[in-house]
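> Build me a model:
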Amino acid sequence: MFPWIRLATTAALATVLFSPAAWSATGGKDAADAAAVVTAFNAAVTGRDLEKATAYFAPGSVQFSLRPAHPGTGGEQSESLTTELRTHWMMVGSVLISATKVYSRKAEILDTRAEGDIATVWTKVTTVTERADKAEKKTDAFVEVYLMVRKDDRWMIGAIVDNRRPNDVGIGKP
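Predicted coordinates for the structure are as follows:
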């Protein structure tokens, strides 16, 4: 065998074998089931059903807030990068429900990987917000990653993190 063929074959095999995509389970029923939970969570938020939305959270689940979504609203920003997920969504949801006529979240599933009892679901979330005191609608889009854990044969959200840009929602402002 020519040396360059051996080298090319070795390089190709190494690329495939050492690539995370080669050893990660990426599809299948587990991945589809984990993604379905993310879709159901976002549908519940859109339907303004916070109890149903938070029922998808695993015990001890967290929201990663790497930067504030709405700087200047509320008190001083927390130094912590995490908050308890149910507490976070009950607070955010109650503000959204009281201040908006419409708040919808559509999570387009970009990638899902499942390995045993852990999965990741990458989404592009598009939100449409129509405040109660304004006629225009505001649309945002950002990537949101869900870290999923299977508990008692049920996929649950263990953590959420996003790259949403900070914005001024103007709630409570003239």
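> quick one: average pLDDT of the longest helix anywhere in the chain?
The longest helix of the chain (DSSP state H) is helix 28-46. When pLDDT is averaged over helix 28-46, the result is 96.
> May I see the buried residues of the next helix or strand after that helix?
From helix 28-46 onward toward the C-terminus, using DSSP states H and E, the following helix or strand is helix 50-54. Neighbour-count burial for helix 50-54, with 16 or more other C-beta atoms under 10 Å as criterion, is recorded at 50, 53-54. The C-beta positions use only the backbone N, C-alpha and C, and glycine is treated the same way.
> Break down this structure into its helices, ranges please.
3-18, 20-23, 28-46, 50-54, 85-99.
> so what does the longest one touch, helix or strand wise?
If I follow you right, that is helix 28-46. helix 50-54, strand 100-115, strand 118-131, strand 137-151, strand 154-162 (3 or more C-beta pairs under 8 Å, 6 or more residues apart in numbering; DSSP states H and E).
> gap between the last one and the chain center?
Between the mean C-alpha point of strand 154-162 and the mean C-alpha point of its chain there is a distance of 7 Å (C-alpha atoms, centre = their mean, to the nearest Å).
> tell me which residues in that strand are buried?
155-162.
> can you name the two of the residues you listed that are farthest apart?
Trp155 and Asp162 (19.2 Å; C-beta to C-beta).
> Can you read off the pLDDT for Gln77?
54.
> One more: the one 10 residues further on?
According to the model's per-residue confidence, Thr87 sits at a pLDDT of 91.
> For burial, what's the neighbour tally of it?
12 (other C-beta atoms under 10 Å).
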